[in-house]
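Visitor: Generate coordinates for the sequence data below:
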Amino acid sequence: MYAFFLAPFIDFQFMQNALIGSILLAISACPIGVFLMLRGMSLTGDAISHAILPGVAIAFLFCGFSPIFMTIGGVGTGIIVALATALISRNGFQKEEASMTVFYLFALATGVTIISLKESTIDLLHLLFGSVLSINTQALWLITFIMFITISNLCIFWRALVVESFDPLFFKSLSPLGKYVHILLLGLMVLNLVGGFQSLGTLMSVGIMIIPAITARFWLSRLGPICILSIILGIISSLFGLLLSFHISLPSGASIIIVAGSIYLITCLISPRGLIITWFPRLFYTSLPS
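Guide: Okay, here's the model as predicted:
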């Protein structure tokens, strides 16, 4: 038991850094995933996670694996794509999903092309799929800063984000801050995706943001408890994903997402809103005697 669960995190510094970074990321990203889920923007997060690749690639091309410059580049292109998509959807005839699809595919292709200029497949795989086991102290401080910014904004604008998520049209009629709150949510999403790419890569960073949030919704109805449960599920996924990666020599980012997805599949079956209760209600509900 000790050798499996505790020894990797006690004996190896890189596992300690990986666990700390994953916990910080779960605390920061999972509540954002809850708000994206409420707005029906789960796929938007996936698209933006692809869209940050060109900025990361440009920073990587000129500065190498520098977390600071790669974060600045990723945030820049992510915000540009998010704002451009919102601008076209609000002032044109196309829906936001259509514009987002074009932008993220274009951004992904551009990023891969830029990275290929260095002619290094290993570097490309690192950016696309990440390596939580290679998180250093600088990356930990960066993720900590992102977590602080995210939690601070959630505490300050909690009520506005809740109203805007449930009924954006009502919030816009009630307050002129409606569109700015939406932009704030997009900005926090981009910031957390950039923080997530340090450990999970651009293709999987959205997983730790969205999957625990969707899973938590099966169990709870109130927004605050959903956010807390999503954080707990994100931490559990990170812990067991790292252990799986360490003992079986699997990619760390993919292992974390596999564990999160497995928890989701189990939840789909056994939760109060799951398939077993839906298909076999008589096993759980009995009629009262007349």
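Visitor: For the rest of this, base every contact and every neighbour count on C-alpha atoms.
Guide: OK.
Visitor: Can you find the helix or strand in the protein with the smallest mean pLDDT?
Guide: Every helix and strand in the chain was compared by mean pLDDT, DSSP states H and E; the lowest is helix 121-129, with a mean of 63.
Visitor: Would you mind identifying the next helix or strand past that one?
Guide: Moving toward the C-terminus from helix 121-129, the next helix or strand (DSSP states H and E) is helix 137-156.
Visitor: just checking, next helix/strand downstream of that following helix?
Guide: helix 158-166.
Visitor: buried set for that following helix?
Guide: Within helix 158-166, the residues that count as buried by 16 or more other C-alpha atoms under 10 Å are 160, 161, 162, 164, 165.
Visitor: Now the second one. Nearest residue, chain neighbours left out?
Guide: If you skip the residues right next to it in sequence, residue 161 has residue 181 as its closest partner in space, 6.6 Å away by C-alpha to C-alpha, 6 or more residues apart in numbering.
Visitor: What pLDDT is listed against that neighbour?
Guide: Residue 181 is assigned a pLDDT of 88 by the prediction.
Visitor: And for it, the neighbour number?
Guide: For residue 181, the neighbour count with other C-alpha atoms under 10 Å is 19.
Visitor: what about it, which SS state?
Guide: helix (DSSP: H, G, I helix; E, B strand; the rest coil).
Visitor: do you know how far it is from residue 255?
Guide: Applying C-alpha to C-alpha, to the nearest Å, the value for residue 181 to residue 255 is 34 Å.
Visitor: Please identify the helix or strand for the spatially most central residue of the chain.
Guide: In the chain, the C-alpha nearest the mean C-alpha coordinate belongs to residue 209, at 2.5 Å (C-alpha atoms, centre = their mean). Assigned by DSSP H and E, residue 209 falls within helix 205-219.
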